[in-house]
Every structure is written in C-alpha cells, then in structure tokens.
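*Asks:* My questions are about this predicted structure, shown below with the sequence.
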Amino acid sequence: MGGAVYIDTCVIVSYVDEADPNHERALRLVEGLDRERFVSMLSLVELASVYFEGWAGGTPPLGRVLG
C-alpha cells in the first residue's frame, strides 16, 4: 500500500514532547502508520534549532530522549 510517509517537524516535536498539547495525537498518528517513515534534512536542522539552540531552561525533550 503506497510508499513511505513523510513526517513533518511539527509532528516530531509533538511526538517527542510529552507536554505538547498534540502529543497524544502525534503518538497515535506515528505509531499507527504501517509504512516506512522518513524526515527531510531540513526537518533535522529545524529540530536541532528548536531543541538545542533555542531551548530556554532545563533539558529539552529531545535531549532527554537522546541522552
């Protein structure tokens, strides 16, 4: 059934950040996919910017996941 599914930055942010208002929706969406998933290089750059350079206070959610 079709090819891979592109996952946008906003979905990844919601998926990783348990405090995000869309976290549960993102979990259901991503974990419910039965096809291969991919992200773009731009999404990876955006994630790095959001979670490592622009985070104010504490350990960012992605930082907790990656250790």
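*Replies:* Sure thing, it's come through.
*Asks:* Give me the residue ranges of the chain where confidence is low.
*Replies:* For the chain, residues meeting the criterion pLDDT under 70 lie at 1, 52-67.
*Asks:* Please write out the alpha-carbon positions of the lengthiest helix in it in CSV.
*Replies:* The longest helix of the chain (DSSP state H) is helix 23-32. Coordinates of the C-alpha atoms in helix 23-32 are reproduced here as CSV (Å, rounded to 0.1, in the frame of the first residue of the first chain):
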residue,chain,number,x,y,z
HIS,A,23,1.4,14.8,22.0
GLU,A,24,-1.2,12.0,22.2
ARG,A,25,-2.4,12.8,18.6
ALA,A,26,1.2,12.5,17.3
LEU,A,27,1.7,9.2,19.2
ARG,A,28,-1.4,7.7,17.6
LEU,A,29,-0.5,9.0,14.2
VAL,A,30,3.1,7.9,14.1
GLU,A,31,2.7,4.6,15.9
GLY,A,32,-0.4,3.8,13.7
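*Asks:* how about it: buried residues?
*Replies:* For helix 23-32, the buried set under the neighbour-count rule, 16 or more other Cβ atoms under 10 Å, comprises 23, 26. Any C-beta I mention is one placed from the backbone N, CA and C, and that applies to glycine too.
*Asks:* How far does the helix or strand that it is followed by sit from its chain's centre?
*Replies:* Next along the chain after helix 23-32, taking DSSP states H and E as the criterion, comes strand 37-38. Strand 37-38 sits 11 Å away from the centroid of its parent chain (Cα atoms, centre = their mean, to the nearest Å).
*Asks:* Going forward, count from 90.
*Replies:* Got it, the first residue is 90 from now on, which makes the last one we talked about strand 126-127.
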